[in-house]
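Asks: For reference, the sequence and a predicted model appear below.
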Amino acid sequence: MSEFVVEEASGGAPEAAERRLEVLNGIPEIEITEEVELIAQGLLLHASLPSRAKVDALHIAMAAIGGVDYLLTWNCAHIANPAFRSRIEAVIRSFGYEPPIICTPLELLEI
């Protein structure tokens, strides 16, 4: 997971945030590196993600570099948006990584 996952999980109702953080405890954290930043920039430029989606691009880049098989998200505006998926995958592959399968939790349950 990334530091952004921890940040998002920490938000909201304190009791719910505490339960989310307990579930995340022990999952390795992928650090933001120069390569992550380069891939995220590539996603913004070549996958047509809007500049306001930088954190979304970082999520995707970290998942790819971390070898994550599935990137689960409810963010259908930029990450799990079918209009972006093929471009996201092409950019990730252009950096020599296999892209994660990007889907919502419900889509994963259908697999």
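Replies: Alright, I've got the coordinates.
Asks: CA only for contacts and neighbour counts going forward, please
Replies: Will do.
Asks: where's the residue of the chain most remote from its centre, which helix or strand?
Replies: Farthest-out residue of the chain from its mean C-alpha position, per Cα atoms, centre = their mean: residue 15, at 24.8 Å. Assessed by DSSP states H and E, residue 15 sits inside helix 14-24.
Asks: ok, then the element right after that helix?
Replies: Where DSSP H and E defines the elements, the next helix or strand beyond helix 14-24 is helix 34-46.
Asks: Tell me who's in contact with residue 32.
Replies: When contacts are counted by Cα atoms under 8 Å, 6 or more residues apart in numbering, residue 32 touches 58, 62.
Asks: Do I have it right that residue 102 meets residue 79?
Replies: Yes - if you go by Cα atoms under 8 Å, residue 102 and residue 79 touch, sitting 7.2 Å apart.
Asks: shared neighbours, those two?
Replies: Contacts common to residue 102 and residue 79, judged by Cα under 8 Å, 6+ apart, are 73, 85.
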